[in-house]
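Sharing a sequence plus its predicted fold:
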Amino acid sequence: MALTQRLEFRQSQSLVMTPQLMQAIKLLQLSNLDLTTFVEEELERNPLLERANDEAPAGEAPAEVGQFNDSDGGHNDEPGGGPGEAFEPGQEEWMSKDLGTRAEIEQTLDTGLDNVFSEEPAETAARNAQDVAPTTYTEWGGGASSDEDYNLEAFVAAEITLRDHLAEQLSVAFTGPAQRIIGQYLIDLVDEAGYLPADLGQAAERLGASQQDVDHVLAVLHKFDPPGVCARNLSECLAIQLRELDRYDPAMQALVEHLDLLAKRDIAGLRKVCGVDDEDIADMIGEIRRLNPKPGMKFGSARLQTMVPDVYVRPGPDGGWHVELNSDTLPRVLVNQTYYSQLSKKIGKDGDKSYFTDALQNATWLVRALDQRARTILKVATEIVRQQDGFFTHGVAHLRPLNLKAVADAIQMHESTVSRVTANKYMATNRGTFELKYFFTASIASADGGEAHSAEAVRHHIKQLIDSEAPAAILSDDTIVERLRASGIDIARRTVAKYREAMRIPSSVQRRRDKQSALGNVLSTAMSDRSRNTEPA
């Protein structure tokens, strides 16, 4: 077999992702806040981009090219535009002439300058007023509402966080630097609810201090405001608050150490552990309920952003639904073609030309990408409304099973595009504001072979069954399965348990205890009111 060299031509196709195409795909999945941030960065970076609603200030003429020309020495030679037109040639010659010293001027005028250029009374008063110190806040320049730099929000006091509140108390409680370092380290570990991690064994090792010093500082932190802060678990948090109220006796200590029995509503077990009667255990439980299990939540935390819908869905006059984009979430940018054409005539360097050419291409691409993003969002939202018409008309019970492929096939797009469009986007409807992904739910087969049911609709049905159950007839998961199958929903028991736990609904045993306890409280209150009304006057 001989080895030879030869030239061959092969034709093949491949998908090449350009940087602009990758950026356009990234724009699809950005939320309106992230998109606004991205556009603001592009406006600062690209000189050919401008906001569509930018207007020149009132009374200010638009900038002209002649004002940026360095060759004319800063003068405008156009007719009617020169600033020196208001002066006569003789006046310009007189202003440029040297008048000499004060003595020469007085000799020429044959009198003193004070007699010729005397100050008016108003000018004298104004000059004297300038020498007087300002007496009001507005005279210092801080209260002038017409100032562009004036910002009322700058005078609003910042919300005090839990960490700042504890740090202020730390500076007063300790004077030694070592204790302050330990205290600040522990304060930095406190979460928003006011709790420390359960395990602080590595604190002494990391700080190079003894465990006794850490325990001593922690004991002082337990006395800080609010009561219960810096606890490592719920029992310790409640115990700190009870000590503050001087109610931490042995019976209450036993109750705090057995909160698991209280969560199970095992009143008999609590009464046995605490060694008290029914009346005392009821009073003790009432005191526990009046305590704050999360003492740190009343302080400022992270600022939450308001959810702004991207799409509005309103009932139409013909009985349908009208879908429109929220124009407030769409950045409006334009390409300044006039500025580019003016610059292209004056730029001489090849590097500058390539820079502005790239800037023009990027600006044009961004405008098109934003327009395509808005059209895609509207197209996907319209198809979702068409597919889920029953939800908008009748409610969650009529939510149909829907997946990305069904929407992608209907609008002739790829599933990945629909997935990116529905990410971080919200729709405002007559039934509330929902994320676009909310309308994509799994399907559950029908028991009678009919149309499949949406998983979200099944969850809603389960919640309705549990909310309407009587205290004497609590529905178990098996009973819920039977009732759902009677309604035409084929579902397994483990699926019902999974949906119930996802909605944070307790088990049937726990619900029976809760409802019986609530019913007992209502009956006892009614009996006490009846006995009070039957007492002789």
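Looks like it arrived, so ask away.

what is the mean pLDDT for the host helix or strand of Y499?
Element membership for Y499 (DSSP states H and E) is helix 493-502. On average, the pLDDT along helix 493-502 is 89.

elements contacting it?
Contact analysis of helix 493-502 by 3 or more Cβ pairs under 8 Å, 6 or more residues apart in numbering; DSSP states H and E lists helix 455-467, helix 477-486 as its packing neighbours. The C-beta positions use only the backbone N, C-alpha and C, and glycine is treated the same way.

now what about that helix, what contacts it?
If you take Cβ atoms under 8 Å, 6 or more residues apart in numbering as the criterion, helix 493-502 is touched by I444, A455, V458, R459, I462, I466, D477, D478, I480, V481, L484, S507.

Among those, which one sits closest to L7?
Set against L7, the nearest of the contacts of helix 493-502 by Cβ to Cβ is A455 (60.3 Å).

taking the helices and strands packed on helix 493-502 together, which one is wrapped up most tightly?
Of the helices and strands packed on helix 493-502, the one with the most neighbours on average (mean count of other Cβ atoms under 10 Å) is helix 455-467, at a mean of 18.

angle of that one against helix 477-486?
Per axes from the mean of the first three to the mean of the last three Cα atoms, to 10 degrees, the angle that helix 455-467 makes with helix 477-486 is 120 degrees.

How far away from the center of its chain is the helix holding Y499?
Put simply, helix 493-502 sits 31 Å off its chain's centre (Cα atoms, centre = their mean, to the nearest Å).

in it, what's buried?
Neighbour counts over helix 493-502 (16 or more other Cβ atoms under 10 Å) mark T495, V496, Y499, R500 as buried.

One more: stretch 272-288?
V273, C274, V276, I281, M284, I288.

and the last one, helix, strand or coil?
On the three-state scheme (DSSP: H, G, I helix; E, B strand; the rest coil), I288 is labelled helix.

tell me the contacts of it?
Contact analysis of I288 by Cβ under 8 Å, 6+ apart lists L238, L255, V256, L262.

I'd like the distance from stretch 189-199 to the chain centre, please.
Computed by Cα atoms, centre = their mean, the chain-centroid distance of stretch 189-199 equals 24 Å.

measure it end to end?
With Cα to Cα, to the nearest Å applied, stretch 189-199 spans 11 Å between its terminal residues.

Begin at 7, not 1, for the rest of this chat.
From this message on, residue numbering opens at 7, which makes the last subject stretch 195-205.

Pull the residues that contact it.
The contact list for stretch 195-205 (Cβ under 8 Å, 6+ apart) reads 168-169, 172, 192, 206, 224, 232, 234-239, 243, 300-303, 307.

same thing but 7 Å
168-169, 172, 192, 234-239, 300-303, 307 (Cβ atoms under 7 Å, 6 or more residues apart in numbering).

picking that back up, turn the contacts of helix 499-508 into a markdown table, columns for distance to K431.
Listed next are those as a markdown table, based on distance: Cβ to Cβ, whole Å:
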| residue | distance to K431 |
| --- | --- |
| I450 | 26 |
| A461 | 21 |
| V464 | 25 |
| R465 | 22 |
| I468 | 28 |
| I472 | 32 |
| D483 | 35 |
| D484 | 40 |
| I486 | 34 |
| V487 | 35 |
| L490 | 32 |
| S513 | 36 |
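
Closest to V178 out of the residues you listed?
Checking these against V178 with Cβ to Cβ, the nearest one is S513 at 48.5 Å.

hang on, the earlier thing: just the buried residues of the contacts of stretch 195-205.
L168, R169, L172, L192, G234, V235, C236, A237, K300, P301, G302.

so the last one sits in a strand?
In this case it means G302. No. With three-state DSSP as the criterion, G302 is located in helix rather than a strand.

Which residue, other than its chain neighbours, is closest to it?
Leaving aside its sequence neighbours, G302 sits nearest to G200 (Cβ to Cβ, 6 or more residues apart in numbering; 2.8 Å).

May I have the phi/psi pair for that neighbour?
Per-residue torsions, G200: phi 100, psi 10 (degrees, to the nearest 10).

Could you do A476 as well?
The phi and psi values for A476, taken as degrees, to the nearest 10, are phi -90, psi 150.

before we move on, the earlier item: reformat the contacts of helix 499-508 as a markdown table; add pLDDT and distance to K32.
Formatted as a markdown table, these follow (pLDDT from 0 to 100; distance: Cβ to Cβ, whole Å):
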| residue | pLDDT | distance to K32 |
| --- | --- | --- |
| I450 | 78 | 35 |
| A461 | 84 | 30 |
| V464 | 87 | 36 |
| R465 | 87 | 33 |
| I468 | 90 | 39 |
| I472 | 90 | 43 |
| D483 | 90 | 44 |
| D484 | 90 | 49 |
| I486 | 91 | 44 |
| V487 | 90 | 45 |
| L490 | 88 | 43 |
| S513 | 87 | 45 |
